[in-house]
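> next comes the sequence, and after it the predicted model I'd like to discuss.
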Amino acid sequence: MATEVIRIIDPDMGSGYHYDSLADWEADRQRDLVTADEIEIAKCRCTGGTADTTCVYISGWTTDSTRYIKIWTDPSESYRHSGKWETGNKYRIISSGYFGTICNQNSARLDLVIDGLQIENTHNEESGVAACGVFSYREYIFNLTVSHCVIRCGATTPAHSACGIWVHDCPTSGSSTVKIYNNICYGFTGSEDSCGILISYGGGTAPVYVVYNNTFCGNKYNFCLNPNWSSPPTFYVKNNIGQSPGTSDYYRNSSNGTWYTSKNISSDTSSWDASYQSKTVSFVDASGRDYHLASSDTEARNNGDNLYNDAQLAFQTDIDGDDRGGSGAQWDIGADEYIDSYQLPVNRQYIRGATATWYEVVDVYVLKDGVFVPDKIIKILDSGSWI
Amino acid sequence: MAQILFRLKDNNHPNPDKDRRGSYKKGYPVSIKPDGWYEGNPNWSQSAYADKTKWIVVEVTDATREELENYSRPWRDDFDYEILAARPAQGEYDVRVFEKNASSTGANAITRDKVERFLTEWGCTNISAATNSVSFTFSLWNAVRSEGFWNVPLIQTKGSFVLNSYSGGVGNITFTVIPDAFPNQEQITQMITRKVQERGGSNIVVNYPSFTFDIERSDILTKFREEVKRKGEGIYRRRQFVLPASLCDNIAAAGGYAQMTKAQLAAAIRNGVNE
């Protein structure tokens, strides 16, 4: 079992920090993890509200499937976002990185996990620029997992091919595996291949792409998944929400390869799952980029596949850590699982009904995905049941 | 004022090429820091920066962070192009691509190996190499029938192309796909019409299995250049600038911190492309 080596990244240089930017961490820590038999973990914090403002290029590492790099915010601490872009003491990395804010430039295989970050790229249009949130375009295989992230474009004139996540693998040998789940991505509206996620034409051998439970809104293409034509990949695409695209929610330039698609919602007719086309999902505040599901939503809530025991990628939580439920539970589509998680009573009244039944009426505030909403609950005192 | 964090210790990779592209070396600027950053907070002593065998810091007394950002960039390819000759009647250009970020001694010079794959994918011909440049002929007619244009391997085995007309620099082309190669009408229609637009063309008649479009020769050349820039350019060295080892040692011996003006730094630091 490889040894986990943890380093703390905190732009505010709070107690216990090792580096104040991921870029410095990468510069100091790059090494051969396989020989060292280590897992390198960058745990990100934001103790004083300052953003990490330097892009990080991952390069000069040697990794494998059990000796890998993990960049994350620990959900047991307080520095992870709550499923929407947040400032304050929530860690975020904002840069104008030419290729990406987090960029795979490793001249060798890379095994990388990115979990629970807020990622923004602010690079404006420029010839040749990629300007992505996460960018991986390599001639070596990479096993990349991006989960629980909020990724957005901060450019005033988004670059023509800027994407939330751009994956282009063209290794000379081996197969890459890319897992993208529980992410929210918006604002990539460049004029060409500007996408929430772009899997672009590559030259690798039978790669595997797993794209589950993401909510991508307002990108030119929300999901652009192009098969590798010379050696077709396998796509697992389930439970995603695409809404309000500039051009199309879902796009592929071919149906080559093996596709397992299920319950992907589109606001247009582009979903590969016909009965999930032309659906409008209700969010808490779409204009304010809060893509938690609204209580009024009827399209995404309880309509997803349960992936608790999924053979490709089994998981149980949503973007902000809410439990989606184990085997048998009815999952929501998209990054958020709608939860009525907490009721705070603020007033109680006892009312006698017309049939001489006594009712207890309780005014409560219900915590629905991070927002307290006023509500009432009524109890029939004789039977003890709740209405 | 602003500060530059420099690497004092080499990181190493056993492969020399990967080592150059990826590893931080002694004297490489790592990142730019605000005024007061060095030893400027109570938790400094337990941070990784407190290890004075790994880092030195130079405070530039008359510079802003923005003015110093340039020093922390990688040594990256920057291709440029020169039109050597244009033959409008044939829809052809003779083009020379060269590397702007090559050093005077030839480091990071462009080579045929570096760009040949992209040129071939786009149907370029007459490829020849000289010192820090590769010349080739770019033809509208070859380009619209190329794998690079469509991002589809063996595209010419999957359909037929007809040049209906060419005048004023604009080609009118019909691509008729073989239905067996592209059985899904909706998908291939979307793919072809989108790709034509991406490459700067206009869809004229869309009638599966035939697609007719106009495309202008300079527009397609521009798209070709953008694509090669995006896909062909890479990082040559982890950092373009480096502080000389002797100066790093002097700063380390003096406690790991020094002050300089912008002019002093510019005189001391070495730019890879000038070597």
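Nice, I can see it.

> and the pLDDT for the residue nearest the centre of chain B?
With distances taken as CA atoms, centre = their mean, B:E233 lies nearest the centre of chain B, 2.8 Å away. At B:E233, the predicted lDDT confidence score is 84.

> pull the number of nearby residues for A:Q105.
The tally of other residues near A:Q105 (other CB atoms under 10 Å in any protein chain shown) stands at 23. C-beta coordinates here come from the backbone N, C-alpha and C atoms, glycine included.

> quick one on the thing from earlier: I'd like the distance between the residue nearest to the centre of chain B and B:F79.
Applying CB to CB, to the nearest Å, the value for B:E233 to B:F79 is 6 Å.

> cool, A:S191 as well?
A:S191 is 21 Å from B:F79, where distance means CB to CB.

> with neighbour numbers in mind, choose between those two.
Ranked by neighbour count (other CB under 10 Å), A:S191 and B:F79 place B:F79 first, with 19 against 16.

> is it true that the more buried one touches B:A102?
No. Using CB atoms under 8 Å, B:F79 is not in contact with B:A102; the gap is 10.5 Å.

> intersection of neighbour lists for the two?
Contact criterion CB atoms under 8 Å, 6 or more residues apart in numbering or on different chains; residues shared by B:F79 and B:A102: B:I110.

> quick check, pLDDT for A:N228.
Reported pLDDT for A:N228: 67.

> quick one: the helices in chain A?
Using DSSP state H, the helices of chain A run over A:22-29, A:33-36.

> show me what the longest one is packed up against.
In this structure, helix A:22-29 packs against strand A:3-9, strand A:38-44, strand A:56-58, strand B:29-34, with contacts taken as 3 or more CB pairs under 8 Å, 6 or more residues apart in numbering or on different chains; DSSP states H and E.

> looking at the stretch 151-275 of chain B, which residue is nearest chain A?
Of all residues in the stretch 151-275 of chain B, the one sitting closest to chain A is B:K229 (3.2 Å; CB to the nearest CB).

> SS state for that residue?
Put simply, B:K229 is helix when judged by DSSP: H, G, I helix; E, B strand; the rest coil.

> wait, what's in contact with it?
Going by CB under 8 Å, 6+ apart, B:K229 touches A:127-128, B:79.

> let's see it at 6 Å
Contacts for B:K229 were tallied using CB atoms under 6 Å, 6 or more residues apart in numbering or on different chains; they are A:128, B:79.

> from memory B:E275 sits against B:S103, does it?
Yes. Here B:E275 lies in contact with B:S103, judged by CB atoms under 6 Å, at a distance of 5.2 Å.

> more neighbours, the two?
The neighbour comparison of B:E275 against B:S103 (other CB under 10 Å) goes to B:S103, with 19 against 10.

> correct me if wrong: the more buried one contacts B:Q240.
No. Using CB under 6 Å, B:S103 is not in contact with B:Q240, being 9.9 Å away.

> residues shared between the contacts of these two?
Here B:S103 and B:Q240 share the contacting residues B:G272, scored by CB under 6 Å, 6+ apart.

> which residues of chain B fall in helices?
Here chain B has its helices, by DSSP H, at B:16-22, B:65-68, B:112-121, B:140-144, B:147-150, B:185-198, B:217-232, B:245-253, B:262-268.

> show residues contacting the second one.
Contacting residues not belonging to helix B:65-68 are listed as B:2, B:4, B:32 [CB under 6 Å, 6+ apart].

> coming back round to it: name the nearest residue to the residue nearest to the centre of chain B, ignoring sequence neighbours.
B:D77 (3.7 Å; CB to CB, 6 or more residues apart in numbering or on different chains).

> what's the answer for A:D249, then?
Setting aside the residues directly before and after it, A:D249 is nearest to A:G242 in space (CB to CB, 6+ apart), at 3.0 Å.

> how close does the one you found sit to A:Y221?
From A:G242 to A:Y221 the distance is 9 Å (CB to CB).

> between those two, point out the one with more neighbours.
Set A:G242 next to A:Y221 and count neighbours by other CB under 10 Å: A:G242 wins out with 30 against 26.

> identify the bridge partners of that one.
For A:G242, the beta-bridge partners are A:F216, A:S266 (DSSP bridges).

> contacting residues for it?
The neighbours of A:G242, taking CB under 6 Å, 6+ apart as the test, are A:216, A:222-223, A:249-250, A:266.

> most neighbours among the residues you listed, please name it.
With neighbours defined as other CB under 10 Å, the most crowded of the contacts of A:G242 is A:N222; it has 34 neighbours.

> wait, that residue sits on A:P245?
Yes. Contact criterion CB under 6 Å: A:N222 and A:P245 qualify, at 5.1 Å.

> show me where the stretch 51-200 of chain A has strands.
A:56-58, A:69-72, A:93-95, A:100-104, A:110-115, A:118-121, A:132-138, A:142-147, A:150-153, A:165-169, A:177-181, A:184-186, A:195-199 (DSSP state E, counting those that start in this stretch).
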